[in-house]
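Chemist: A structural model of the following input is requested.
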Amino acid sequence: MIPIGFAHAFITLEPDVEVLYKTTAPYSAAHDRGVAWDDPGIGIAWPSPPGGPVLSDKDRKWPRLKDAPDLFE
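Modeler: Numbers count the residues shown, from 1 in each chain. Okay, the predicted model is just below:
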């Protein structure tokens, strides 16, 4: 289980994958937070799918952790 407020991410390497997850409350844009998936300061060596990652506009725009010190207050 991922604790409430804890940053998390996932990657799929096969086509046509559906990801489902349980939340404690309905989505709230006002409470949405994130960091860049490829932030070198976090140091995750993500595998690269053919053609590169497919990201939402929202996920492409998250800041690096060092550029958002108040992100997880």
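Chemist: Can you tell me the SS state at the residue nearest to P47 when sequence neighbours are not counted?
Modeler: Ranked by Cβ to Cβ, 6 or more residues apart in numbering and with sequence neighbours excluded, the top spatial neighbour of P47 is L13, at 6.2 Å. Just so you know, the C-beta spots here come from the backbone N, C-alpha and C atoms, and that holds for glycine as well. Per DSSP: H, G, I helix; E, B strand; the rest coil, the secondary structure class of L13 is coil.
Chemist: which stretches of this protein have low pLDDT?
Modeler: Within the chain, the segments meeting pLDDT under 70 span 72-73.
Chemist: Just give me the residue closest to the centre of it.
Modeler: Nearest to the geometric centre of the chain sits A9, at 4.4 Å (Cα atoms, centre = their mean).
Chemist: correct me, but it touches D39?
Modeler: No: applying Cβ atoms under 8 Å as the test, A9 and D39 come out as separate, 10.5 Å apart.
Chemist: which ones are touching the residue nearest to I42 when sequence neighbours are not counted?
Modeler: Residue nearest to I42 in three dimensions, not counting chain neighbours: L65, with 6.3 Å by Cβ to Cβ, 6+ apart. If you count contacts by Cβ atoms under 8 Å, 6 or more residues apart in numbering, L65 has them with V35, A36, D39, G41, I42, L71.
Chemist: One more pass at 6 Å, please.
Modeler: Contacts for L65 (Cβ atoms under 6 Å, 6 or more residues apart in numbering) come out as V35, D39, G41.
Chemist: If any of those are buried, give me the ChimeraX selection for them.
Modeler: Command for ChimeraX that selects the buried part of those, burial taken from 16 or more other Cβ atoms under 10 Å:
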select :35,39
